[in-house]
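Undergrad: Just to be clear, the model below is a prediction. Sequence and coordinates:
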Amino acid sequence: MNIAQYLDSTYLKTPEQSGISAEETLQKDKDLTQEAIDNGIFAVMIRPDYVSEIKKYIQERNSDVVVGTVIGFHEGTSSIDEKIAEAEKAIADGADELDFVINYTAYLKGELNLVKDEFIRCTKLCMKHHKVAKWIIEIAALNDEQIADLTKNISNWAKENFSENEWPKIFIKSSTGFFETKDGKPNGATFEGIKIMLDNSAGLPVKAAGGVRTPQDAEKMINMGVKRIGTSSALALIKNHQSPQEGY
């Protein structure tokens, strides 16, 4: 199995989180991108501040590696207008795919109309510009019933508001990898959580993000039906080495 074609190779720490400069962060992103170019990895997933430079880097090398970025990351609680503004800038800077953190906090409060509105407005923006929209539901913050319900809602909203040829560009994604769990519980994709998503996505593509650390786990996820895997250890996965890293 060619795992590389399913991978979003990810570096999403801010300079403040990693204790390095913005210039050093950009270099990390360039190294990640070169690794993707050299190894047939499908996409790189980086912070919005670095999209423009990385898009230029890829174009200069005549590569077709896809540039993805995150919107409303990682809490998902920014307003719809803020997410729209952030997405518009990312698109202008050359992002091919936008991974939005859905406002799962609002969902947990029962504010379903707000969540639906942000999904429709942000996805419409992406479809208008022929971009891929991925919606992170943060499964570590939800119980099984909520994972199923939110996945089903997103699928219904997609089917009701977008054409069938747009559905493959609307993903449901498991995790940010930054959610703080208690008692050592996983904060990323689990086989159980991904199965619930797949069972309720009604054919919308699913992305497993965080916690996929071995080639065997990646292959199992792909065989289950996921269309993309987000990982901070893409090279380790395709080189058949167990990832030494924790998290996403």
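TA: Received, thanks. If you're wondering where the values come from, they're calculated on a predicted model, not measured in any experiment.
Undergrad: How about residue 222: what's its closest non-neighbour residue?
TA: Nearest non-adjacent residue to residue 222, counting by Cβ to Cβ, 6 or more residues apart in numbering: residue 6, 5.7 Å away. C-beta coordinates here come from the backbone N, C-alpha and C atoms, glycine included.
Undergrad: I'd say that neighbour and residue 225 touch.
TA: No: the criterion here is Cβ atoms under 8 Å, and residue 6 misses it with residue 225 at 11.4 Å.
Undergrad: the more surrounded of these two?
TA: Shown here are residue 6 and residue 225; by other Cβ atoms under 10 Å, residue 6 has more neighbours (26 against 16).
Undergrad: quick one: which helix or strand includes residue 113?
TA: helix 112-128 (DSSP states H and E).
Undergrad: neighbouring contacts of that helix?
TA: With Cβ atoms under 8 Å, 6 or more residues apart in numbering as the test, helix 112-128 has contacts from 71, 80, 83-84, 87-88, 91, 98, 100, 102-104, 106-107, 132-133, 135, 153-154, 157-158, 161-162, 166, 169-170.
Undergrad: what about 7 Å?
TA: The contact list for helix 112-128 (Cβ atoms under 7 Å, 6 or more residues apart in numbering) reads 80, 83-84, 87-88, 98, 100, 102-103, 106-107, 132-133, 135, 154, 157, 161-162, 166, 169-170.
Undergrad: Backbone dihedrals for residue 104, both of them.
TA: phi -70, psi -20 (degrees, to the nearest 10).
Undergrad: how close does the residue most central in space within the chain get to residue 215?
TA: The residue lying closest to the centre of the chain (Cα atoms, centre = their mean) is residue 99, at 4.6 Å. According to Cβ to Cβ, to the nearest Å, residue 99 and residue 215 sit 23 Å apart.
Undergrad: Give the buried subset of the contacts of helix 112-128 as a PyMOL selection command.
TA: This is how PyMOL selects the buried members of those, with burial counted by 16 or more other Cβ atoms under 10 Å:
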select buried, resi 80+83+84+87+98+100+102+103+106+107+132+133+135+154+157+162+166+169+170
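Undergrad: Sort out for me which of the contacts of helix 112-128 are in helices.
TA: Using DSSP state H, 80, 83, 84, 87, 88, 106, 107, 154, 157, 161 are the members of the contacts of helix 112-128 that sit in helices.
Undergrad: which pair in the residues you listed spans the largest distance?
TA: 88 and 107 (24.0 Å; Cβ to Cβ).
Undergrad: for the protein, what spans make up the helices?
TA: For the chain, helices defined by DSSP H occupy the ranges 15-18, 22-39, 51-60, 80-93, 104-108, 112-128, 144-161, 191-200, 215-224, 234-238.
Undergrad: Can I get those in JSON lines including mean pLDDT and distance to residue 174?
TA: What follows is the helices of the chain, written out as JSON lines (pLDDT from 0 to 100; distance: least, Cβ to Cβ, whole Å):
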{"stretch": "helix 15-18", "mean pLDDT": "95", "distance to residue 174": "21"}
{"stretch": "helix 22-39", "mean pLDDT": "98", "distance to residue 174": "21"}
{"stretch": "helix 51-60", "mean pLDDT": "98", "distance to residue 174": "23"}
{"stretch": "helix 80-93", "mean pLDDT": "98", "distance to residue 174": "19"}
{"stretch": "helix 104-108", "mean pLDDT": "98", "distance to residue 174": "12"}
{"stretch": "helix 112-128", "mean pLDDT": "98", "distance to residue 174": "16"}
{"stretch": "helix 144-161", "mean pLDDT": "98", "distance to residue 174": "9"}
{"stretch": "helix 191-200", "mean pLDDT": "98", "distance to residue 174": "6"}
{"stretch": "helix 215-224", "mean pLDDT": "96", "distance to residue 174": "10"}
{"stretch": "helix 234-238", "mean pLDDT": "93", "distance to residue 174": "16"}
